[in-house]
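In: return atomic coordinates for the entry below.
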Amino acid sequence: MASGHAVRGVSTILRTACLAAAVAALQAVATTAAAADGAEIRWDELGIPHIYGPDLPTVVRGFGYAQMENHAETILGNVAQARGRLAEYFGAGAGGAYVASDVQVRTFGIPQRSARWLREGGSEQRALLEAFAAGVNEYAQRHGDTIDPSFLQVLPIVPEDILDGIQYTITFTFQSEQSGVPQLLSQWQQGAIAAGAPAATSAVALLAQAARNGSNGWAIAPARSASGNAILMGNPHLPWGNNQPIQGLGIYQWMEAQLVVGERDHPRLNATGAVFVGGPFLGIAYTDDLGWTHTNNTIKNADLYELTLTGTDTYLWDGGSRPFEHRADSLRIRQPDGSFATQAIDVVSSVHGPVIAQRGTKALALRVAGLDAPALTTEYFRMLQAHDLPQFIEANSALQMPFFNVIYADRGGHIMYLFGGRQPVRSGGTFYDWIGILPGDRPSALWTRTLSWGELPRTIDPPGGFVQNGNDAPWSATFPQVLRYQDYPAWIAPLFTELRPQHNLLYLLSRPKFTADEILHGKMSTKMELAARVLPDLIAAARNSGDATAAAAATVLAAWDYRADATSRGAALFERWWTLYAAAPGVAQDTTMFLYFSHPAFRIGWNPADPLHTPVGLAETTVAVQSLITAAQQVVGLYGALDVAWGDVHRTVLATHDATMQQVIPVSNDPESGPDDVYGPIRTVWPFPAPDGQHAWAYGGDGYVQLVEFTPQGVKARALLTYGNASRPGSSHVTDQLPWFDRKELRPVWRTPAEVDSHTVTREPY
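Out: Below you'll find the model as predicted:
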């Protein structure tokens, strides 16, 4: 599935026409009544809005207004995509990319479902969605001259657009990518995979290539906290939106804000956190009473079913033929001369869901969980308005969010881990039996319900005094383990613990109590846990090889401390070696810890009886040493020294754009600290090859971080949004938080009236 497309501009004549039409439409629909008493946004020096209002709809309206001020182009581009109208606004796109995206959105039924969700989601949600849309439109009406006219044709925004965005981002990107749908679809279309293919050789290997959406989340109970206060750390790993050099990642853009309802000194709600832009609530957040973070879980709740065609409009089902269902739709496609062509779409569905591909006498249908969960906005605001764990559980148990683990802490000292989301109830088997292409001819393969909140794996106030998740299965949420694989159906989650969550757990078990600073120190660890496991074998083999280059490389690696800080020497050599060795032909592959990454075989594979100290070593060393020699030669050839510093190779290159969001304009080039996820760090940064062929530029990973201590007087919080709080072209806020990231620090969070006032640079009524 496409994760985003860059939006193309239109001609000057068309842009002028769009501007006039947009202004007229906004004047007709926007809510622009005089600002309510106390409705004000106070902008601090980092571009973070502190939004005040007398009631929740007013504050949500201000949130929509503030998001446009920081992200207007990103929001409008995302809306165009989620509506399935990119080609109408911007033409067919390169190679027909916008047409393909629109067909996909219409096939998924996103616009039709949003209309239904608006009806079924209740009056509380409708009021909030209307308020948010009014704030977006109000900003555009006031400040449309600051937005390139090519985007103005997307206006006005209506409540359904917000629900479109939720579906596109969560349901049809996160859920689908986590389940390997894009990779499975591609391989199926090439004829390389079919229903029933052996999991270990097909679907699991494809999941190792799945979207890189991860996270860390920790909650520390008072018994493990030096201050006696619960501590929450949230750290989603995602692409850095539009603020890095790769185009088309705008749906991942985070924005941080404070929402304050009621009197400033005694508010009814004082919430701080972040959300994907275009979202009307805070998705990862905290108040003085409680907070939570999310991580991607190992949930499998998007399935592809292979159908066998039995006629021109039928497929095999339960021993007989069943007719397809059809829904007519159409696209408008802007032509170069400004006229429009119309393309009819026949949306075909089976009992499983929409048909998304066909090959000969076979077809693929997609089934995704959570399409009957229309009230996500209501759920999140009820979570924000909760004051204790029972109230939070009452709100969260609606399971309107079909994805994500929940890691929770509160002022009362409670902590919780929940394997959240909509988990399909399977008819048997293990997790691995359900991760490939499923047979579409039998009812036993078709799930029809999902687990309730009370049926999901969870732990509250475990005896170990902490919960964590690093995208691992629920069984390692805490130690000593209280969630046991054998106590749940084997199809819920796999039995494995990757290296990053092992790193999390080893750190959280390393001392009896933690200060907030010590939690931060652990969270910022760039240690390559993989290196700690395999380097002793590699160094010994290199020294025994008799090869001078291998011996010199071993000397560099033996002096290295396994960290990938900007100044670390040895990390770049290890990275180059592992990249070569993992791709070397003929090397046996690990079969004990293979869900997300393909590893060469270890001397001792991962063992559930020793889940934090395995795997260990190298199963073979001959090819490993040969790969080390090649890696050493390449590193010297590229950088002139075996011990080149990590930050001389890896750079943080943040970017802004021109007014149309088409031209990328780099605005930083800093030495970067943090390796890729496969190496098992806690602080994770994702690289891609720079144009010069020598460097690696970061495009995602450690983005938003919140560290919150729940004291009796309220929260003490620090946070960071690596790539800044705004994506508007030319914004100064793209790089203003980068110095903290470079230093592996967090900045203070300003929440009290005095703190906010002392850092306010602009006051803006809305």
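
In: what about Gly360, how many residues nearby?
Out: Using other C-beta atoms under 10 Å as the criterion, Gly360 is surrounded by 7 other residues. Just so you know, the C-beta spots here come from the backbone N, C-alpha and C atoms, and that holds for glycine as well.

In: oh sorry, the question was meant for Leu163
Out: As a burial measure, the neighbour count of Leu163 was computed by other C-beta under 10 Å and equals 26.

In: go on, Val734?
Out: Applying the criterion other C-beta under 10 Å, we find 27 residues in the vicinity of Val734.

In: over to it: give its phi and psi.
Out: Comment: the main-chain dihedrals of Val734 come out as phi -70, psi -40, following degrees, to the nearest 10.

In: do you know how far it is from Asn70?
Out: The span separating Val734 from Asn70 equals 11 Å under the rule C-beta to C-beta, to the nearest Å.

In: need the residues touching each of the two.
Out: Taking C-beta atoms under 8 Å, 6 or more residues apart in numbering as the criterion, Val734 and Asn70 both touch 726-727.

In: check what pLDDT the most far-flung residue of the chain relative to its centre gets.
Out: Of all residues in the chain, Gly546 sits farthest from the chain's C-alpha centroid, using C-alpha atoms, centre = their mean; the distance is 46.6 Å. For Gly546, the model assigns a pLDDT of 97.

In: secondary structure class for it?
Out: Taken by DSSP: H, G, I helix; E, B strand; the rest coil, the conformation at Gly546 corresponds to coil.

In: and the strands in the stretch 151-300 of the chain?
Out: Taking DSSP state E, counting those that start in this stretch to define them, one finds strands in the stretch 151-300 of the chain at 214-220, 230-239, 254-262, 267-276, 284-286, 290-295.

In: and the next element down the chain from the last one?
Out: Once strand 290-295 ends, the next helix or strand along the chain (criterion: DSSP states H and E) is strand 302-308.

In: strand partners of that following strand, parallel vs antiparallel please.
Out: Taking DSSP bridges as the criterion, strand 302-308 pairs within the sheet with strand 362-368 (antiparallel), strand 438-439 (parallel).

In: redo the ones you listed as a markdown table? Include mean pLDDT and distance to Gly135.
Out: As requested, those are exported to a markdown table (pLDDT from 0 to 100; distance: least, C-beta to C-beta, whole Å):
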| stretch | mean pLDDT | distance to Gly135 |
| --- | --- | --- |
| strand 362-368 | 98 | 30 |
| strand 438-439 | 98 | 43 |
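
In: check these for me and report the most buried one.
Out: strand 362-368 (a mean of 22; mean count of other C-beta atoms under 10 Å).

In: could you give the separation of that strand from the chain centroid?
Out: 24 Å (C-alpha atoms, centre = their mean, to the nearest Å).

In: ditto for stretch 567-585
Out: A distance of 26 Å separates the C-alpha centroid of stretch 567-585 from that of its chain, computed with C-alpha atoms, centre = their mean.

In: please apply the same query to stretch 177-185.
Out: Mean-position distance between stretch 177-185 and its chain equals 15 Å (C-alpha atoms, centre = their mean).

In: and stretch 315-332, average pLDDT?
Out: Mean pLDDT, taken over the full extent of stretch 315-332, equals 98.

In: and the end-to-end length of it?
Out: With C-alpha to C-alpha, to the nearest Å applied, stretch 315-332 spans 31 Å between its terminal residues.
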